[in-house]
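J.: Structure here, sequence nowhere to be found:
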């Protein structure tokens, strides 16, 4: 990752629609990299804030997306299908569209209904903060993030390859290729259920007669365990509702474990409790200490890309990621990494 | 808080028994402050590590506690009653004893059975880390921590006052006075239930077929929400078992909230979900943005201290804390802080 962009992406013209925390951070990085970029937000105050940070922020979506090579859709989840419809009409067929929403099945289905599968690449950068809005945005918020992109066969593969290269160059992204449904299942456990647990814990404390004393003693475990309960309530509600069935399914799995822990505690069974925490600790060790081995692959540039897409999805399902996409005259090559078994 | 200790605490002779993460951090700070301090640990390798960090670490408890003014008991929870018995026999009646265990009712009851209530002040600094052992200890780990001490009437109040002053001077501690049972109820919500939720989440991921992909996408919410699942399993099990009934009670309260959230999600009820997260967010805002007003008080040095102890416990129950204890010829005065209502 370099500060400015050189080579094939140096002349990219980009637009970011919805310039809150994530969209704003994207916008600021694109601008810092020297790209021709416009930002648009429905809120005129936000547009003014963008201008005061030196970024072009026209008053209408039409102006923002005119002549763009790529448009990032960064508004709230429920607005995405409508924005997608609008942007599809306003942009050329070669303009790549992507989003940053925290669930992918619904928006992918909307794109399919609109006939946009060839140029809409569903995306989700795994980054965020408790804060919200453009004032909290930073050009480095997304640096080095795991960034899910959903590949598909046919012309869609070309858009996926191009966007992968762009995100790696601009953000040093670790691009995780996944199907939309695999993403939503994994995100349920990696993000959505943690939001439910944090909400339940913070909500219980807020209601408790012990609240003030609990806050006084709140050390790391409570503070860490409730952090995401402080994210904007409506954003969290939209995220959970956008992935309802998978979230409820994974929550049930977490409840099984919670019941086991509570059962061992009730029974005074120290060995069972210790064993359960040793198992939980193994996930933490794996999170902190994962090692990766190279898993680079090449594919023909042409064809229907079915083998390429199958490999990409398998890579993401296995916890792997891409750190680039080089397109030659005959072959496309992916530098890729797979986790080594514990 | 100064680096060295002056005034009434400059000549304190202290001992720390059990020099893992917390005890080791205590020991290193006492040594840095220039106090005469000894550390003891049952593990000879740990004693050698203490010596290599320039601290006196004799081979026996007898040597470590001989002639001490204060002894900090920092071993695992289940060992505390036995160590207390041992140390009581080896020290003078004026030697103040305290501990740093994460539950207080059991050890307070053990002290009462041993007739040590007058000089044993149950304690719990709210600090920790995922790591363990003396190599992970640091003289600054406990700096500025909320530190629960349990006051009691009679001679015990004298020990409480003295220890409060020492902890404020050495650690810049915010001393939170509480009864042992109030502490254990509050700690159940502030620390023990968060450990259960973290264990359930990390355990469910460890078992899941999606594990590797979840770890690849694990952003802040998962990483923060499972952090304490990485603490040593046996320590966590002991902590939970030492506060079993209160932990199960507070877990049931958290489950009520979790059921409400899941119910609203299942029903697709966006307003209910948003309202629940707004309530949860209020606890986060209060945690980050609490303001405090002075609540200083004075009490007569003599008497049975019943009014003083009742005020102290009320202060802690209300989320307040002490930032000192000045003992004059006639009065004892506490600089104290109470949270201002949201």
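T.: That came through fine. Note that the structure is a prediction, hence the values are computed from the model and not measured.
J.: all helices of the stretch 101-250 of chain A, in order?
T.: Secondary structure of the stretch 101-250 of chain A (DSSP state H, counting those that start in this stretch): helices located at A:105-113, A:155-171, A:180-187, A:193-207, A:211-217, A:220-226, A:233-241, A:244-266.
J.: most tightly surrounded among those?
T.: With neighbours taken as mean count of other Cβ atoms under 10 Å in any protein chain shown, those reach their highest mean count in helix A:193-207, at a mean of 27. Yep, even glycine has a C-beta here, placed from its N, CA and C like the rest.
J.: Among the helices of the stretch 101-250 of chain A, which comes closest to residue A:123?
T.: Residue A:123 lies closest to helix A:155-171 among those, at 7.5 Å (Cβ to Cβ).
J.: which residues does residue A:255 contact?
T.: Applying Cβ atoms under 8 Å, 6 or more residues apart in numbering or on different chains to residue A:255 gives the contacts residue B:200.
J.: show me where pLDDT drops low in the stretch 51-200 of chain A?
T.: The stretch 51-200 of chain A contains no residues with pLDDT under 70.
J.: Chain B contacts on that one?
T.: Residues of the stretch 51-200 of chain A lying close to chain B by Cβ under 8 Å from any Cβ of the partner chain are A:126-130, A:145-146, A:148, A:174, A:176, A:178, A:182, A:185-187, A:189-191, A:193-200.
J.: Can you tell me which of the helices of the stretch 101-250 of chain A is nearest to residue B:301?
T.: Of all the helices of the stretch 101-250 of chain A, helix A:211-217 sits nearest to residue B:301, with 27.2 Å by Cβ to Cβ.
J.: Which elements pack onto the closest one?
T.: Packing partners of helix A:211-217 (3 or more Cβ pairs under 8 Å, 6 or more residues apart in numbering or on different chains; DSSP states H and E): helix A:193-207, strand B:146-149, strand B:174-177, helix B:180-187, helix B:270-289, helix B:306-317, strand B:336-339.
J.: Report the mean confidence score over that helix.
T.: The average pLDDT within helix A:211-217 is 94.
J.: any residues touching it, and which ones?
T.: Applying Cβ under 8 Å, 6+ apart, the external contacts of helix A:211-217 come out as A:205, A:208, A:222, B:126, B:146, B:148, B:174, B:176, B:178, B:182, B:186-187, B:189-191, B:283, B:286-287, B:290, B:316-321, B:339.
J.: wait, isn't residue A:191 in contact with residue B:219?
T.: Yes. Using Cβ atoms under 8 Å, residue A:191 and residue B:219 qualify as a contacting pair, with a distance of 6.3 Å.
J.: Spit out the residues that contact these two alike.
T.: Counting by Cβ under 8 Å, 6+ apart, the shared contacts of residue A:191 and residue B:219 are residue A:126.
J.: Looking at these two, which is more packed in?
T.: Higher neighbour count among residue A:191 and residue B:219: residue A:191, with 26 against 20, using other Cβ atoms under 10 Å in any protein chain shown.
J.: if I look at that one, how far off is residue B:336?
T.: 41 Å (Cβ to Cβ, to the nearest Å).
J.: which ones are touching residue A:116?
T.: Contact partners of residue A:116, counting by Cβ under 8 Å, 6+ apart, are A:84, A:88, A:97.
J.: Could you save those residues as a markdown table and add columns showing neighbour count?
T.: Output for the contacts of residue A:116, formatted as a markdown table (neighbours: other Cβ atoms under 10 Å in any protein chain shown):
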| residue | neighbour count |
| --- | --- |
| A:84 | 22 |
| A:88 | 18 |
| A:97 | 26 |
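J.: Show me what residue A:174 is bridged to.
T.: Counting by DSSP bridges, residue A:174 forms beta bridges with residue A:146.
J.: correct me, but it touches residue A:143?
T.: No. Counting by Cβ under 8 Å, residue A:174 sits too far from residue A:143 to count as a contact (10.9 Å).
J.: higher neighbour count, these two?
T.: Taking other Cβ under 10 Å, residue A:174 and residue A:143 do not tie; residue A:174 has more neighbours (20 against 15).
J.: residues contacting the more buried one?
T.: Applying Cβ under 8 Å, 6+ apart, we find residue A:174 in contact with A:144-147, A:321-323, A:337, B:216.
J.: do residue A:105 as well
T.: Applying Cβ under 8 Å, 6+ apart, we find residue A:105 in contact with A:180-181, A:183-184, A:243.
J.: How about residue A:27?
T.: By Cβ under 8 Å, 6+ apart, residue A:27 lies in contact with A:16, A:19, A:37, A:39, A:50, A:55, A:137.
J.: The same query, at a cut-off of 7 Å, please.
T.: Shown in contact with residue A:27 (Cβ atoms under 7 Å, 6 or more residues apart in numbering or on different chains): A:16, A:19, A:37, A:39, A:50, A:55.
J.: go on, residue A:317?
T.: By Cβ under 7 Å, 6+ apart, residue A:317 lies in contact with A:178, A:182, B:213.
J.: Pick the one among those residues closest to residue A:122.
T.: residue A:178 (9.3 Å).
J.: Touching, the closest one and residue A:316? I think so.
T.: Yes. Counting by Cβ atoms under 7 Å, residue A:178 touches residue A:316, with 3.9 Å between them.
J.: these two touch, right, residue A:133 and residue A:21?
T.: Yes. Assessed by Cβ under 7 Å, residue A:133 is found in contact with residue A:21 at 6.3 Å.
J.: Quick check: the closest residue to residue A:197 other than its chain neighbours vs residue B:204, distance?
T.: When the adjacent residues along the chain are set aside, residue A:197 lies closest to residue B:197, with 4.8 Å between them (Cβ to Cβ, 6 or more residues apart in numbering or on different chains). Taking Cβ to Cβ as the measure, residue B:197 and residue B:204 are separated by 11 Å.
J.: Outline the domain layout of chain A.
T.: A:7-178, A:184-289 (automatic domain parsing).
J.: Using CSV, lay out those domains together with distance to residue B:276.
T.: Output for those, formatted as CSV (distance: least, Cβ to Cβ, whole Å):
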stretch, distance to residue B:276
domain A:7-178, 17
domain A:184-289, 6
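J.: Now for residue A:164: which residues touch it?
T.: Remark: with contacts taken as Cβ under 7 Å, 6+ apart, residue A:164 is in contact with A:149, A:175, A:322, A:325.
J.: thinking again about what came up before, so which of the contacts of residue A:116 comes closest to chain B?
T.: residue A:84 (20.8 Å; Cβ to the nearest Cβ).
J.: Okay, residue A:15 and residue B:23: tell me how far apart.
T.: Taken as Cβ to Cβ, the span from residue A:15 to residue B:23 is 58 Å.
J.: same deal with residue A:89?
T.: From residue A:89 to residue B:23 the distance is 68 Å (Cβ to Cβ).
J.: Tell me which of the two has more neighbours.
T.: For residue A:89 versus residue B:23, the count of surrounding residues by other Cβ under 10 Å is larger for residue B:23: 25 against 10.
J.: and the nearest residue to residue A:292 once chain neighbours are set aside, how many neighbours?
T.: Excluding the flanking residues, the one nearest residue A:292 by Cβ to Cβ, 6+ apart is residue A:337, at 4.0 Å. Look at residue A:337: counted by other Cβ under 10 Å, it has 20 neighbours.
J.: need the contact list for residue A:337.
T.: Counting by Cβ under 7 Å, 6+ apart, residue A:337 touches A:292, A:294-295, A:320-321, A:323.
J.: The residues you listed: which two are farthest apart?
T.: By the measure Cβ to Cβ, A:294 and A:321 form the most distant pair in these, at 11.6 Å.
J.: Compare these two (neighbour count), which wins?
T.: Legend: neighbour count by other Cβ under 10 Å for residue A:294 and residue A:321, higher for residue A:321 (26 against 9).
J.: Can you tell me how far the more buried one is from chain B?
T.: Distance of residue A:321 to chain B, given as Cβ to the nearest Cβ, to the nearest Å: 6 Å.
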